[in-house]
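Visitor: Sequence and predicted model, in that order:
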Amino acid sequence: MNHEPVSGTLLCTVSGTALSLAAHIESPEVVKTITLAAIGAMASFGVSLLLKWLALKFRRPSRPNDKPGDRNGPDSRMQR
């Protein structure tokens, strides 16, 4: 196998191809992509918060006197 550094010809070919593809992308598509990415990120964050809340709500106490989500329990250092 050839493990030489990337040659100038290959770098120019790849960058030229990327620039020619970027020139054909229309601005409404870019705006749509950014909007969908932002909506997806917010949905993912919301679902992760919901799952974290559900995990804390339905977690079994480790000791009889502990309550789920109790800040004075043995896992209180991990929640901060």
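Guide: Looks like it came in fine.
Visitor: which stretches of this protein form helices?
Guide: Secondary structure of the chain (DSSP state H): helices at 8-23, 27-57, 76-79.
Visitor: For stretch 25-40, which residues meet the burial criterion?
Guide: Of all the residues in stretch 25-40, not one is buried under the rule 16 or more other CB atoms under 10 Å. Every C-beta, even on glycine, is put in place using the N, C-alpha and C of the backbone.
Visitor: again with stretch 10-25
Guide: Those buried within stretch 10-25 under the rule 16+ other CB under 10 Å: there are none.
Visitor: Begin at 156, not 1, for the rest of this chat.
Guide: With 156 as the first residue, the last one maps to stretch 165-180.
Visitor: picking up where we left off before, would a markdown table of the helices of the chain with mean pLDDT be doable?
Guide: Formatted as a markdown table, the helices of the chain follow (pLDDT from 0 to 100):
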| stretch | mean pLDDT |
| --- | --- |
| helix 163-178 | 85 |
| helix 182-212 | 94 |
| helix 231-234 | 54 |
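Visitor: Against residue 202, how distant is residue 176?
Guide: 33 Å (CB to CB, to the nearest Å).
Visitor: scratch that, residue 185 is what I was asking about
Guide: Counting by CB to CB, the gap from residue 185 to residue 202 is 26 Å.
Visitor: likewise residue 211?
Guide: For residue 211, the distance to residue 202 - CB to CB - is 15 Å.
Visitor: Comparing the two, which residue is more hemmed in?
Guide: When residue 211 and residue 202 are compared for neighbours, residue 211 comes out ahead with 13 against 10, by other CB atoms under 10 Å.
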